[in-house]
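> task: produce atomic coordinates for the following.
(one chain, ligands or ions: 1)
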Amino acid sequence: MHTSGEPTRIVVNGYPELEGGTLLEKRRCARDKWDEIRMRLMREPRGHAEMYGAILVQETELTRSGEADIGVLFCHNEGYSTMCGHASIGLGRFLVDTHDLNVFPRRNGLVQDPSTGFVTLRLHAPCGIVQLSVPVKPDGHSDPTRPVSFLGVPSFATARNLVVEIPADKLWPSLKATGRSTVTLDVAYGGAFYALVSASELGFPYGLRGATTVTELDHATATLKALLSPRTELFVHPTEADLTFLYGVIVTEVTAQQRETGICFFADQQIDRSPCGSGVMARVALGVAQGRLRLGDTCEYDSVVSLLHGESGYGFRGTAVEEREEGVIVKVDGRAFYTGASSFVVEEHDALPNGFIVGLPA
Ligand SMILES: O=C(O)[C@H]1NCC[C@@H]1O
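Below is the predicted model:
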């Protein structure tokens, strides 16, 4: 499927049983024991450097306790993420539409609210529960004309106005031109940790549509990620050590009243084509912490697709729904579409069984 242009390759069949009682243990098992499957599905020649995947996990500790309907692991060009909004939006439609109980054993337990036409389902992601609301047509299929929405895990800011010194040999031309060698940014969690930095802070006074090249943005965000990642005190999750790492850097730009655009570089400098659902959670939580957004406020988020190709209308909306002690509950909505179905094979004599990515270490 794709969500605002960002792909989700949903693994429905053929993935081995994962060891571990909890979803995070299963995530470790996928990484340590079955990583070649991720490589085969994500990387060239079956995938590409920007491919994204969702591996369905029928049984987790939260499906057993009745708190979730199904589990999921997310994967990308480098490993396994802890949250993914765009894939959750696609999965909402897919799980409503599949009637294969081998794929989704609890499918028949889903209930449609007759007053709204929405089906609610609870996805157990590595960061916690993602509660999806999926619009359904009278014929029982998901409705592609209306957005899917989800309520995410509590989101919060961990650093505001953090000044990062860029070493002279790492400065990029646009920052150099400003005469500055520092960048001020924020860090926030939305199921995964993001550094959030405005385009003008990076030295692009005309914003993301200005003279910016993707290469320069790639260099700037990779530099920030390398400088920030060792500062683990910025990425502390209150309960789970496995969630404690910097996942991405989002370059943001305010384009109108409660409307923003941005480019999210995540994992190994993958560029999210969508506005990044978990990034939207982090951005809304930061907006609340800054007093820019209040509970009930909605902000629209455009993405790289609208920046580069002039498309609009396929962004996400983020709403600050509730403030809890652990963080802000953010509602995100967006639209996903089917792109096809595939079967993949690796022949016995294939010299490149696990694929490769041009430009990254094989
Ligand atoms: O929408 C999201 O949250 C994701 N998209 C790719 C990177 C993030 O995991």
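
> Gly14: neighbour count?
8 (other CB atoms under 10 Å). For every residue, glycine as well, the C-beta is placed using N, CA and C.

> wait, I meant Thr298
Number of residues near Thr298 (other CB under 10 Å) recorded here: 14.

> you'd agree it is up against Thr319?
Yes. Using CB atoms under 8 Å, Thr298 makes contact with Thr319 at a distance of 4.4 Å.

> give the contact list for the nearest residue to Tyr15 once chain neighbours are set aside.
The shortest distance from Tyr15 to any non-neighbouring residue, by CB to CB, 6 or more residues apart in numbering, is to Ile55 (5.7 Å). Residues near Ile55 by CB atoms under 8 Å, 6 or more residues apart in numbering: Val11, Tyr15, Ala30, Val72, Leu73, Phe74, Cys75.

> can you list contacts of stretch 9-26?
Residues contacting stretch 9-26 (CB under 8 Å, 6+ apart): 1, 28-30, 33-34, 37, 41-42, 47, 51-57, 60-62, 71, 73, 87, 90-91, 94, 98, 100, 102-103, 124-126, 240, 242, 342.

> what about it, near the ligand?
No. Residues of stretch 9-26 contacting the ligand under CB under 6 Å from any ligand atom: none, with a closest distance of 12.5 Å.

> what is the lowest-mean-pLDDT helix or strand in the chain packed up against?
When each helix and strand of the chain is scored by mean pLDDT, DSSP states H and E, helix 304-309 comes last, with a mean of 79. Applying 3 or more CB pairs under 8 Å, 6 or more residues apart in numbering; DSSP states H and E, one finds that helix 304-309 contacts strand 259-266.

> ok, the helix or strand immediately after the strand it packs on in the chain: who's next to it in the sheet?
From strand 259-266 onward toward the C-terminus, using DSSP states H and E, the following helix or strand is strand 270-271. On the basis of DSSP bridges, the sheet neighbours of strand 270-271 come out as strand 259-266 (antiparallel).

> distance between the partner strand and the chain's centre?
Chain-centre distance of strand 259-266: 11 Å, with CA atoms, centre = their mean, to the nearest Å.

> what comes up buried for that strand?
Glu260, Thr261, Gly262, Ile263, Cys264, Phe265, Phe266 (16 or more other CB atoms under 10 Å).

> that strand and the ligand in contact?
Yes. Against the ligand, strand 259-266 shows contacts by CB under 6 Å from any ligand atom at Phe266.

> need the pLDDT of Pro68.
Heads up, residue 68 is Ala, not Pro. For Ala68, the model assigns a pLDDT of 98.

> before we move on, what about Glu311?
Glu311 is given a pLDDT of 67.

> now the residue nearest in space to the middle of the chain: closest residue in space that isn't a chain neighbour?
Central residue of the chain (CA atoms, centre = their mean): Cys84, 3.3 Å from the mean position. Sequence neighbours aside, Phe74 is the residue nearest to Cys84 in space, at 4.3 Å (criterion: CB to CB, 6+ apart).
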